[in-house]
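> structure here, sequence nowhere to be found:
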């Protein structure tokens, strides 16, 4: 086990910036976002979690996936794959678990080379949580506040220092190749353990063994839903996207773009000719809940929710995923 | 319906030299080459004159040979030749709306002669935008509608009578609506007409009778137009027939009823200078020649009693139970001949009309001169029935006056001159003065008429008196003025003053103007579509104007214009069907949320909120301004040929560098 | 705050449901320590109704989707939204019973008053069938907008920075009680005005277009700002438009059923004068 | 600061929406009367100024226009009677909005030009082009995306 002084973290990241693109939390208008660090950016270590989930850096809100052009009847296509080396610093354990879910989606069957290009070239340095946020419920899914797999390095706040645990060889290499890390003591580890326990205590504990989605409850909540679908945009595990070809003026050359879409959007399932198999708001809401809490589990063996609490925090109609879980257990 | 491929249409571009009008500034070859390089352009040509027969036929040939699906011509303003080029497409089997014109003459070569390089760049930009737009053009189908073969003439003065007779005699069903009890209008009130000094009713009356006898005319007198709906070729007009309380079928105009009627009221036809009964005939020659009970004054309607007239009438023509009736008539076109109203001379307070008994208007004086009038044609002072020894006429009362009407009322000079000559004829000893600004005599035989007046010993005084005073003891009227020709102050004491009150638009036209959204000139008259070339057309297709509703004018001009309006209105009703504005707005029903904001901005009431909570656009009423398409927040309304997508393509293409 | 008002509200709601005057009461209730919108259809559930300073939601947004006769709890902004929905024929007056309540400003979980509430000018309902509680005094004037003191360049920078945060989720539109278009022009595909996968200038365009569409419609309830996950100060933009509409055309949206939509009306003489003034000021 | 060094030789790009009946005809008259003006304006012909959606203007700015011109009939002369009255309100408001968002309202110019005012049309384009030269390039896309 190693540790690093809090003041040295920024030095470490500056060091890493020489070789990597470094993504880290910064404050913007008083709230925290992940951002590619540039000159003049101020790193923040004082945060619960980011407003927008880290998925934006792996499955961006919008991206160009290929370019095409036509000339003399021949069409040329050029893929845009990323192989840029990156370090993602400060990702929370819940969000690391969310990436693991996205990984399953991207790797299974039809591979998503655009996502994987970014994912496989990014080192994750996770920051464990020592104090839960108001809406956090990772404890329910065991996706936090501590982390044992999924990242390359895990930092734990132990006061003036961060305890550093490496989970992969690459993480290990990074630690051993840097002058900022020093040996941790048994006391450090003890402090970290205590802090983790404290943190869990402050959160909801639910036994999901008897959980099933209570559709009546969900329907009742659906009535309230305003279909703003910001929950799906900030959710770290929602991965639905739309693809559109943007053509030039003369419909000869163009680019293929993909961008986030939402299952809550009425046009999501709309077909040519205006038929919509999932017409109606309740149906769309139900699908989102079922997708998170049933279908993902059936398919990948894990819940599609990691308890980051972003949707709860942001819902204008006060709809709470945790409440749905509670009701599902209560039943 | 043919198929138009949307994505890669085959485009032909023609860049015009226009002799040297364009090519002396714009590098035409460079523009053509550029056009050729644009995707989807299969050919680009240069022409010396694209609009020439040669140019047009080369386009026609290319359309066939090269299977062109879009044609772009870069030449002069589309306002000049767009229609001609569209016809080339039409006759070559391509929808005429698959054409786009680029203005590189009026808006390029002619205005940028010193900067050839940038003028050429601009021409290229414009061509690029036109090509981009042309790709998104869609064929537009012509809309045609059946025509109702009937005409409505509103107003039964000499203008309306003339129009109605022309139309009816041409075999067209004509409705003539007159608000008064009889047709005839102001002309029926005149004694004589200038410059011939023939008796007004003698020439008018036979025409009035013709109207009565003409089988193609349906005369609706004592009636008002209360509503007009529809559009050229298919107007629906609602007319209210007011009750006369006298059965026209039974009344033989014997006048026995009026003799026994106990109610005496002021007679409007004689300008209030005599009295009539509550049951009356407007004037002896009235058409229709049917008596009428004036409901406001009739004792029966006031008290429920009386009915003396009914008891007296042998034919039982009196019918107190008559009610107003509403008729809906269908017509293809409308002639508006609502005439004028006389300027209210009381508004010109300085002249004392209404205050001094011996101050009259020109129309009052007509009645005094008339053999049917209050004095049986003898000229008498109203105050004491004394024969006047001197009469002064004051011109431009309410006309050419910034306080009232700035325009010249056209007819007052000759009217006063006519009156002066009639005075001289009847009482040669009477002194006659005409106070004037300018004497206007433009028109056939009018200058000669003026000369005749001058040798009759009429005094013409340049310069209007600012005020008329009355000597309370003698009743003489005192006029002080500056004689501008002699540069001296004049004072005249006369027995009588006649004011040449001007002409104003008739308020009875107001409702029709509003209903039909007719354009008005600032002075309130109905505006013609073009002051020279379309003098009887209005801004609304199928609606025409005749007579003083358009502007003050003399009888010959009124009659000529009435004939023209009749002719113009036949242009519509002689057709079986007529084309309708094609670049109209349409609504995508699936996208309309029914908020109705578009209804507010449509000046033609072409948009209605239907029961299903979406709007409907009447493509016939729509004139294609496109305002609704902008008001609609979801762009559910679009304008044909000016689609959002087409305009967006233009904007983008203009700015691609 | 509010327990008298809350009890009165319960009384009225119970009455209406008992008498069968309405099928549904739309109000607020608690879920945990959250206040959430609720739909009450039987007198027995009425006890769950609450009225306090956490009832932030504009309930008008639900009205278009509800069937039957509805009694709706309406504070100032809710009632103004209802007026606009009525004007746009999106709801029927006879299907509504408006339970007016006056608002003292809503606060978030931390007890901080929402921005839109801090500057609210109409806390009392403008239209209602039954009024519950007491009226509150209203602010007379709008606050000075701090953005006004910025230079043009700074303002463009400010908004660009804000819009670069935008993740194009359109929550601001989706929660807006005034956004009821069948197809939103922001998502239109033919033509596509906003390139959905385009650069940030598209987001500038998106928010500018949305602002033009709020003119004469926005009731300044602040739902958009609360729904925005990335805290774009949208109410600055829309309040600006409201202020402009008010200054120019003398109309405040949601205040009067008789008002014509200001951009679908004109006043010949006044507009000519305005045009002259504006030209002198803005070129 | 607004793009100082770009100003030299800068030629503003203007998109002009002209109504068919008055402004477009006025622009044509400028041509037939051979009244010169700078070639910076590219016209888009619409039937009425009321067809010009504020979003056309915003789109033009986004696509790189330095200025947008809207020409309609004089008040009371609209071919469609009321169109320019709606246009007038829409663009008064839009001017204020773009100003608030940081675009100089002088970049949007609305004028009523009759079919007989060829000289006036030319004068306006001359003036507007000059104004925009002084303001420099707008570069909205670049400035929004990169914060320059």
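It's in. The structure presented is a predicted model; accordingly, all values stated were derived computationally and were not measured. Residues are numbered from 1 along each chain as shown, chains lettered A, B, ... in the order given.
> need the phi and psi values for residue B:480.
With angles defined as degrees, to the nearest 10, residue B:480 sits at phi -110, psi 130.
> tell me the SS of the residue lying closest to it once chain neighbours are set aside?
Leaving aside its chain neighbours, residue B:480 sits nearest to residue B:491 (4.8 Å; criterion: C-beta to C-beta, 6 or more residues apart in numbering or on different chains). For the C-beta atoms, the positions are set from N, CA and C on the backbone; glycine is no exception. Put simply, residue B:491 is strand when judged by DSSP: H, G, I helix; E, B strand; the rest coil.
> which residues does residue A:83 contact?
Listed by C-beta atoms under 8 Å, 6 or more residues apart in numbering or on different chains, the contact set of residue A:83 reads A:117, A:121.
> which of the helices or strands spans it?
Using DSSP states H and E, residue A:83 falls within no helix or strand.
> now residue A:218
Here residue A:218 is assigned to helix A:215-224, by DSSP H and E.
> residues of that helix that come out buried?
Buried residues in helix A:215-224, defined by neighbour count with 16 or more other C-beta atoms under 10 Å in any protein chain shown: A:217-218, A:221-224.
> show me where the stretch 251-400 of chain B has helices.
Here the stretch 251-400 of chain B has its helices, by DSSP state H, counting those that start in this stretch, at B:256-260, B:299-303, B:308-312, B:362-369.
> tell me what the helix holding residue A:218 is packed against?
Secondary-structure packing of helix A:215-224 (3 or more C-beta pairs under 8 Å, 6 or more residues apart in numbering or on different chains; DSSP states H and E): helix A:281-290, helix A:321-330, strand C:34-40.
> which residues are in contact with the helix-or-strand element of chain B with minimal mean pLDDT?
Ranked by mean pLDDT, DSSP states H and E, the helix or strand of chain B with the weakest confidence is helix B:510-516, at a mean of 80. Helix B:510-516 is contacted from outside by B:154, B:225-228, B:334, B:336, B:338, B:518, B:520, B:526, B:538, B:540, B:543, using C-beta under 8 Å, 6+ apart.
> chain center to that helix, what's the gap?
11 Å (C-alpha atoms, centre = their mean, to the nearest Å).
> what's the answer for stretch A:148-164, then?
Offset of stretch A:148-164 from its chain centre (C-alpha atoms, centre = their mean): 18 Å.
> can you list the residues of chain B near chain A?
Remark: the part of chain B in contact with chain A comprises B:7-8, B:38-40, B:131-132, B:135, B:590, B:649, B:652-653, B:656, using C-beta under 8 Å from any C-beta of the partner chain.
> what is the nearest of those to chain A?
Set against chain A, the nearest of the residues of chain B next to chain A by C-beta to the nearest C-beta is residue B:39 (3.6 Å).
> three-state assignment of the closest one?
Using three-state DSSP, the structure places residue B:39 in coil.
> export the buried residues of helix A:215-224 as TSV, with columns for pLDDT.
Putting these into TSV (pLDDT from 0 to 100) gives the following:
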residue	pLDDT
A:217	92
A:218	93
A:221	92
A:222	93
A:223	91
A:224	92
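> just give me the closest of those to residue D:92.
residue A:224 (40.0 Å; C-beta to C-beta).
> sorry, back to before: which one of the helices and strands packed on helix A:215-224 lies nearest to chain D?
Short answer: helix A:281-290, nearest of these by C-beta to the nearest C-beta, at 28.7 Å.
> so does that closest one get close to chain C?
Yes: against chain C, helix A:281-290 shows contacts by C-beta under 8 Å from any C-beta at residue A:281.
> which residues touch that helix?
So helix A:281-290 is in contact with A:213, A:215, A:218-219, A:221-223, A:225, A:227, A:231-232, A:263-264, A:266, A:268-269, A:278, A:321, A:324, C:65, going by C-beta under 8 Å, 6+ apart.
> quick one: mean pLDDT for that helix?
Averaging pLDDT along helix A:281-290 gives 93.
> can you name the residues of chain D sitting close to chain C?
So chain D meets chain C at D:1-2, D:54-55, D:58-59, D:62, D:75-76, D:82, D:85-86, D:88-90, D:92-106, D:109, D:131, D:140-141, D:143-145, D:147 (C-beta under 8 Å from any C-beta).
> hang on, the earlier thing: filter the contacts of helix A:281-290 to the buried ones?
Looks like those have A:213, A:218, A:221-223, A:225, A:227, A:231-232, A:263-264, A:268, A:321, A:324 buried, using 16+ other C-beta under 10 Å.
> which one of these sits closest to chain B?
Relative to chain B, the closest of these is residue A:227; by C-beta to the nearest C-beta it sits at 16.1 Å.
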